[in-house]
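1. Sequence plus predicted model, see below.
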Amino acid sequence: MTAPNSNCEPLLSVERLVTDLDVRGGLLAPRRRLRAVDDVCLQLARGRTLGLVGESGCGKSTLARTILRLTPASSGRVWFDGLDWLGLSAAALRHQRRRMQVVFQDPFGSLNPRLTIGAQLAEPLVVHRVVRGRGAVRERVAALLCQVGLRAADAGRYPHEFSGGQRQRVCIARALACEPALIIADEPVSALDVSIRAQVLNLLADIQKQSGVAYLLIAHDLAVVRAACDDVAVMYLGRIVESAPCRVLFDDPRHPYTRALLAAELPARRAARGALPVLSGEPPSPLDPPTGCAFHPRCPHAQEICRRERPTLTAHPAPGSLHRVACHLAESLPVHDPRAA
């Protein structure tokens with residue numbers, strides 16, 4: 001099934017996506033349903049990078065796995081390059097899978113320690129028939145290694161012989177092997193030393209300029225998002241609470257949760273100016289979410305309407321705006337001073 005006017009559509013469009021998970025507290029405890037992804041809507045244009053941020057446990061990785069069809073969706077739609085992604089048959093999904101690839105957080109855990117790097121890069125080339133013939137596969141593997149800043153001779157080495165940053169480069173090369181239109185990068189630099197993170201982010205940016213690939217970049221480090229992303233979506237307890245172009249969101253965050261994340265990013269400057277609230281308390285359990293706005297138990301601005309009614313993601317400051325906020329008080333919050341974050 002193809003979306004109407006698919007040539008004009010974003011590369012990736014997620015519409016009211018819901019993912020429920022079965023959890024069990026103990027061996028004899030009854031199963032309970034946990035809503036890990038709750039009515040999520042987002043869009044990603046071709047050749048751009050969308051950052052997905054939020055605290056640990058907010059549902060970022062589950063959303064990514066649902067989009068990848070590694071975790072089944074409970075309801076909602078995902079359009080990918082004009083295709084009804086969740087509606088594809090198993091055979092059609094195998095044919096299209098090469099166009100959506102993933103880079104995971106742990107590069108060592110993502111690689112088979114018993115296979116050489118060359119064998120692991122060759123596997124997707126053979127499975128998806130990107131190139132044919134042993135000679136062509138070897139040439140393509142060498143080209144991939146050079147593309148990510150490694151040597152062609154590294155194809156004969158094993159994962160344990162590389163540093164963490166080099167292993168992540170190998171994982172990026174493997175994702176690029178099938179020439180995808182979209183790469184979902186789930187915390188791709190969080191396991192790396194600070195000195196290596198900038199190198200990997202620069203590599204991703206260079207690859208995007210060369211190939212036009214789009215990224216869905218999952219992160220909890222706002223400095224990474226600020227440096228690497230064109231657009232940002234902020235997630236809290238399974239829901240998108242704010243989304244905007246990167247500069248707009250950092251200059252004028254309208255959701256109290258986004259402001260609290262910014263405050264935590266640079267605490268010294270926040271303390272000096274006193275312009276942003278400190279995020280206190282723990283997120284509510286997704287097994288027992290609060291009524292109304294899920295953030296209201298931790299929000300310094302919460303009012304009765306926040307406890308009673310769940311806000312919808314609405315364009316701010318006017319219809320048609322790319323800045324969207326799910327907050328009853330978005331219009332009345334004081335103006336944010338971007339120099340304070």
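-> It's in.
2. residues touching the spatially most central residue of the chain, list them.
-> Among the residues of the chain, I218 comes closest to the average C-alpha position under CA atoms, centre = their mean, at 3.0 Å. Contact partners of I218, counting by CB atoms under 8 Å, 6 or more residues apart in numbering, are 51-53, 60-61, 64, 184-187. Heads up, the C-betas are built off the backbone N, CA and C, glycines and all.
3. For ChimeraX, what selects the buried ones among these?
-> Here is the ChimeraX selection string for the buried members of the contacts of I218, based on 16 or more other CB atoms under 10 Å:
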select :51,52,53,60,61,64,184,185,186,187
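4. Narrow the contacts of I218 to those in helices?
-> Taking DSSP state H, the ones among these that sit in helices are 60-61, 64.
5. okay, these in CSV with pLDDT and distance to L42 next?
-> Below are those laid out as CSV (pLDDT from 0 to 100; distance: CB to CB, whole Å):
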residue, pLDDT, distance to L42
K60, 95, 12
S61, 95, 15
A64, 96, 11
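6. Using the three-state scheme, assign A330.
-> The three-state label given to A330 by DSSP: H, G, I helix; E, B strand; the rest coil is coil.
7. tally of neighbours for the closest residue to it other than its chain neighbours?
-> Nearest residue to A330, sequence neighbours excluded (CB to CB, 6 or more residues apart in numbering): R254, at 4.3 Å. The criterion is other CB atoms under 10 Å. On that basis, R254 has 24 neighbouring residues.
8. Can you classify R254 by secondary structure?
-> coil.
9. List the contacts of it.
-> 242, 316, 323, 325, 327, 330, 333.
10. May I have the phi/psi pair for the third one?
-> Per-residue torsions, H323: phi -90, psi 120 (degrees, to the nearest 10).
11. which strand residues sit across from the closest residue in space to it that isn't next to it in sequence in the sheet?
-> Leaving aside its chain neighbours, H323 sits nearest to A244 (4.1 Å; criterion: CB to CB, 6+ apart). On the basis of DSSP bridges, A244 is bridged to V232.
12. Contacts only, for A244.
-> Counted by CB under 8 Å, 6+ apart, A244 has contacts 231-232, 322-324.
13. got it, and V137?
-> Contacts of V137 by CB under 8 Å, 6+ apart are 122, 125-126, 131.
14. before we move on, the earlier item: of the ones in helices among the contacts of I218, which is the nearest to V14?
-> Using CB to CB, A64 comes nearest to V14 of the ones in helices among the contacts of I218, at 10.7 Å.
15. Surely the closest one touches I183?
-> No - contact status for A64 versus I183: not in contact, 11.0 Å apart, counting by CB atoms under 8 Å.
16. what sits in contact with each of the two?
-> Both A64 and I183 are contacted by 102, 216, under the criterion CB under 8 Å, 6+ apart.
17. which residues in the stretch 1-150 of the chain form helices?
-> Counting by DSSP state H, counting those that start in this stretch, the stretch 1-150 of the chain has helices at residues 60-67, 90-96, 107-110, 117-127, 134-147.
18. Endpoint to endpoint, stretch 183-201 covers what distance?
-> For stretch 183-201, the first-to-last residue distance is 14 Å (CA to CA, to the nearest Å).
19. Could you list the residues in contact with that stretch?
-> Against stretch 183-201 from outside (CB under 8 Å, 6+ apart): 60-61, 64, 67-68, 100-107, 163-165, 168-169, 171-172, 175-176, 204, 213-221, 224, 227-228.
20. are any of those buried, and which?
-> Here, 16+ other CB under 10 Å leaves 60-61, 64, 67-68, 100-105, 107, 164-165, 168-169, 171-172, 175-176, 204, 213-221, 224, 228 buried among those.
21. buried stuff in whichever helix in the chain runs longest?
-> Scanning the chain for the longest helix, with DSSP H as the assignment, gives helix 194-211. Going by neighbour count (16+ other CB under 10 Å), the buried part of helix 194-211 is 196-197, 199-201, 203-204, 207-208.
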